[in-house]
Each structure stands twice: as structure tokens, then as C-alpha cells.
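**Student:** got a sequence here, can you build the structure:
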Amino acid sequence: MSTGSRLPPAPRDDPDDPGDAARRERARRERARREARRERARRRRVATGRRERRRRLAAALTVLAVLVVVIAATLALLPGSTQREHGHAARAVSRRAPPHEPGALRRPTSYAVGIEVQRLVEPGRTVTYGDGDTERRALEMYIRYPAAGPSGATDVAGAPPARADGPFPLVVFGHGYEEAPQTYRLLLQSWARAGFVVAAPAFPGEDADAPGGTNEADLVNEPGDVRAVISRILVASASGRGRLAGLVNASEVAVTGQSDGGDNALAVGYGDPDRDPRVQAVIVLSGAEGPFREHIRFTPGSPPMLATQGSEDPINHPWETTEFFRAARRPKYLLSLEGASHLPPYTEEQPQLETVERVTITFLYAYLEHRSQALRRLASVGNVSGVATLTADAPSS
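**Tutor:** Numbers count the residues shown, from 1 in each chain. Model (predicted):
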């Protein structure tokens with residue numbers, strides 16, 4: 001129909017009709033999404049300027065650090081200084097270095113980040129796009145991993161893995177409606193830099209670049225995608241071949257996602273029949289139960305949960321997160337982001353993004369790698385005046 005055509009009068013909504021209520025809710029969400037997209041475009045322009053300033057500052061600090069190292073090395077070579085400097089250095093290290101937990105992993109605190117893209121075809125499964133076309137179901141997976149090399153190196157294609165420090169936990173991330181994995185690259189990079197293998201599939205029905213247009217109804221098929229991604233990564237790690245060989249600890253798997261991706265993570269962590277027993281921790285970033293509401297079961301032995309929610313989110317309202325958080329079993333944590341909207345805290349908005357990075361990494365250290373020190377740090381990293389508040393419902397550490 002052309003844009004100049006006159007449409008017949010729309011029938012009046014019946015407030016008691018559940019179908020009309022659902023249509024109104026979809027329309028409200030669509031308006032909120034349009035507004036969020038406009039806001040993202042504005043914030044991207046601002047963030048580009050910030051990133052350029054940060055790059056210049058980082059370059060200046062790097063030069064300064066090199067100069068300090070050169071001066072220190074020169075002083076160390078002066079006659080009579082070697083023994084004295086070694087003694088001072090040893091005492092300084094003993095004062096600064098925190099005591100290591102018994103049995104804790106001795107790894108670098110920051111890795112280079114390697115990346116590779118794999119295609120996963122799911123036999124017997126299909127996707128229906130927004131235009132009604134149907135084709136076999138295939139996913140592009142963006143896999144980031146701790147790599148050998150300078151810790152500042154990021155998204156280095158084909159970089160050699162830091163295999164000697166592995167195996168590492170696996171985190172599978174789901175993007176939101178009409179978004180893509182790369183939208184969240186800063187957050188995903190931070191997880192890989194901290195020592196996690198991070199797999200982020202592009203869901204064929206909700207990917208922003210879906211060839212036949214997006215179809216949000218495909219969300220109900222995405223828990224199957226996440227389970228398939230977990231299987232593919234674990235098989236690749238166990239096979240002894242390829243870049244992921246020996247890189248993943250099969251007993252340390254977490255699922256997470258933002259918006260619809262958070263709905264998906266809830267289903268894979270707690271849904272019936274979507275639950276994957278390999279999942280040991282769940283992070284829900286501004287998500288809700290959505291179409292899985294009738295299937296979520298917080299049964300004894302459910303994985304620990306971290307939920308995050310912006311107080312000014314126009315798409316995923318705070319009450320939607322509060323609803324499933326109250327029903328979840330311990331241990332569980334809720335990170336409330338003061339004044340935050342729907343997408344920006346997970347993509348570019350500071351200091352919210354940095355807070356989300358710190359809290360999610362600390363949660364994963366605590367519940368995937370069982371670092372008791374990380375468990376004790378959760379409250380300190382999650383409570384930031386004017387930015388975030390962390391509600392914890394967990395046994396005392």
C-alpha cells in the first residue's frame with residue numbers, strides 16, 4: 001500500500017479484550033524502541049569523542065610508563081645499586097601483593113583478546129523472517145577468548161590462545177531485539193580480557209541485519225540456539241583440534257543476555273523444557289520472563305543469578321525484573337542502575353558500563369571459578385554512590 005492511501009477506520013480497542021491489551025503493549029514497546037534507537041544514535045556521537053580522548057590519554061600514559069621503566073632500569077645498573085634495589089623491590093612486592101587464596105587460579109589479571117567467527121547450522125531447524133520467508137536455521141558466532149600477547153590488544157583475529165593458563169570458563173551471550181553481538185562488544189571484550197571464553201551468536205530472527213527483516217516471535221526458538229552454541233564450543237574444546245582445543249572448562253558455563261537476550265538466558269537457566277543442566281550461573285541484563293513466563297521454574301539447585309536493571313528503562317520496566325528476582329532462589333543479586341535506560345548501560349554509557357563490567361566479572365569469578373575473595377568483593381564493586389546499588393540475597397561468605 002502506498003503511503004498516500006487512506007486506511008479504513010481502525011476498530012475501537014476493547015479494554016477487557018486480552019488481544020487488544022497485548023496489541024497496545026506491543027505498540028508501546030515499539031514506540032519505546034524507536035525512542036531508544038534515536039537516543040543510541042545521539043550517545044554514539046558523544047561516545048566517539050570520548051573514546052578518541054581516552055585513546056590519546058592511553059597513548060600518553062604508555063609513553064610515560066616506558067620512560068619510567070627505562071629510568072628504573074638505568075638506575076638499577078648503577079654501581080652498588082643492584083643489591084639494594086633488589087631488596088627494596090622484594091619488600092615492596094611483599095607489601096603490595098594480596099595473599100593468594102588456597103587453590104585459587106594464578107592467572108594474569110588482564111589478557112589480550114582474540115576473536116574468531118564461526119557459522120553454526122542447526123539441522124532440522126528453521127527460521128521465519130519478518131517478511132514471511134523461511135529458511136534453514138544458521139547462526140554466526142562471534143567467539144572471543146583470552147589470547148597470548150599484550151593485554152591491550154583487542155579483537156585480534158586468529159590470535160594464539162593463552163592455552164597455558166586454561167581451561168577457561170565459557171560465557172554465552174544473547175543480544176536484544178533488532179541488535180547484534182557487535183553492539184555489545186565493549187562488554188564482551190571485558191569478559192574475555194578477564195579470562196573467559198565468550199560466545200555471542202547472532203540470532204537469525206532478531207538480528208538487526210536479518211535478510212528478511214526481524215521477527216520477534218522467533219525469540220521462543222533461541223534457547224535451542226544457546227544450547228547448540230554451548231555444545232559446539234564444548235565439542236571444539238574437547239576435540240584437540242583448532243583454536244579452541246583445550247580452552248574451555250566444561251563444568252564452568254554461564255548464560256547471559258540483554259533485553260530479549262535476557263529473556264532467553266532465563267529460559268536456558270530455569271525454563272522447562274529449555275533448561276540446560278550444564279549452566280552453572282545466569283546473568284540477566286534488563287530482561288524479563290516474556291514468552292517463557294509459564295515455563296520458568298526456580299527449583300532447588302537452580303543456578304545462582306545476577307540481574308541488572310535501569311531505573312528509567314522504558315522498555316523493560318523495573319517491576320518486570322523485580323518480579324522474577326523475587327521468585328528466584330538464593331543465591332541471587334540485583335544490580336539497580338540509577339537513572340539508567342534500556343541499552344546504553346551495556347554498550348557505551350559511563351560509568352554505568354564500567355560498573356556492569358566489574359560486577360558481572362566479579363559474579364562470574366565467584367560462581368564459576370568459586371573464588372571466595374570475589375564473593376566478598378561483590379558488595380564493594382556493586383554499590384557506587386549515585387550510580388548503582390547491589391541487593392544481595394545469598395548465604396554469608
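
**Student:** helices and strands of the chain: which one bottoms out on pLDDT?
**Tutor:** When each helix and strand of the chain is scored by mean pLDDT, DSSP states H and E, helix 82-96 comes last, with a mean of 31.

**Student:** got the buried residues for the helix or strand that it is followed by?
**Tutor:** Next in sequence after helix 82-96, counting helices and strands by DSSP states H and E, comes strand 112-128. By 16 or more other Cβ atoms under 10 Å, the buried positions in strand 112-128 come out as 112-116, 118, 120, 122, 127-128. (Each C-beta comes from the backbone N, C-alpha and C, glycine too.)

**Student:** the stretch 201-350 of the chain: strands as residue ranges?
**Tutor:** 248-258, 279-285, 305-310, 332-337 (DSSP state E, counting those that start in this stretch).

**Student:** just these: most buried one?
**Tutor:** strand 305-310 (a mean of 27; mean count of other Cβ atoms under 10 Å).

**Student:** may I have it as CSV, with CA atoms only?
**Tutor:** What follows is strand 305-310, C-alpha atoms only, in CSV (Å, rounded to 0.1, in the frame of the first residue of the first chain):
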residue,chain,number,x,y,z
MET,A,305,21.5,-15.4,39.4
LEU,A,306,22.7,-11.8,38.8
ALA,A,307,20.0,-9.5,37.4
THR,A,308,20.6,-5.9,36.4
GLN,A,309,18.0,-3.2,35.7
GLY,A,310,17.9,0.5,34.9
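
**Student:** strands paired with that strand, and their directions?
**Tutor:** Using DSSP bridges, the strands paired with strand 305-310 are strand 279-285 (parallel), strand 332-337 (parallel).

**Student:** kindly provide the distance from residue 122 to residue 249.
**Tutor:** The gap separating residue 122 from residue 249 is 25 Å, by Cβ to Cβ, to the nearest Å.

**Student:** go on, residue 270?
**Tutor:** With distances taken as Cβ to Cβ, residue 270 is found 22 Å from residue 249.

**Student:** what do you get for residue 317?
**Tutor:** To residue 249, residue 317 is 37 Å away according to Cβ to Cβ.

**Student:** so where do the helices sit in the protein?
**Tutor:** For the chain, applying DSSP state H gives helices covering 18-76, 82-96, 185-193, 222-239, 260-270, 318-327, 352-367, 372-382.

**Student:** least reliable of the ones you listed going by mean pLDDT?
**Tutor:** When those are ranked by mean pLDDT, helix 82-96 comes last with a mean of 31.

**Student:** phi, psi of residue 244?
**Tutor:** Per-residue torsions, residue 244: phi -90, psi 0 (degrees, to the nearest 10).

**Student:** right, and it touches residue 233 too?
**Tutor:** Yes - between residue 244 and residue 233 there is a contact under Cβ atoms under 8 Å: 6.6 Å.

**Student:** where do the contact lists of these two overlap?
**Tutor:** 143, 197 (Cβ atoms under 8 Å, 6 or more residues apart in numbering).

**Student:** run a quick neighbour tally on residue 224.
**Tutor:** Using other Cβ atoms under 10 Å, residue 224 has 17 other residues around it.

**Student:** which residues touch it?
**Tutor:** So residue 224 contacts 122, 125, 274 (Cβ under 8 Å, 6+ apart).

**Student:** want to throw the residues you listed into JSON lines with distance to residue 154 and pLDDT?
**Tutor:** Formatted as JSON lines, the contacts of residue 224 follow (distance: Cβ to Cβ, whole Å; pLDDT from 0 to 100):
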{"residue": "122", "distance to residue 154": "30", "pLDDT": "94"}
{"residue": "125", "distance to residue 154": "33", "pLDDT": "97"}
{"residue": "274", "distance to residue 154": "33", "pLDDT": "95"}
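
**Student:** that concludes my questions; thank you for your assistance.
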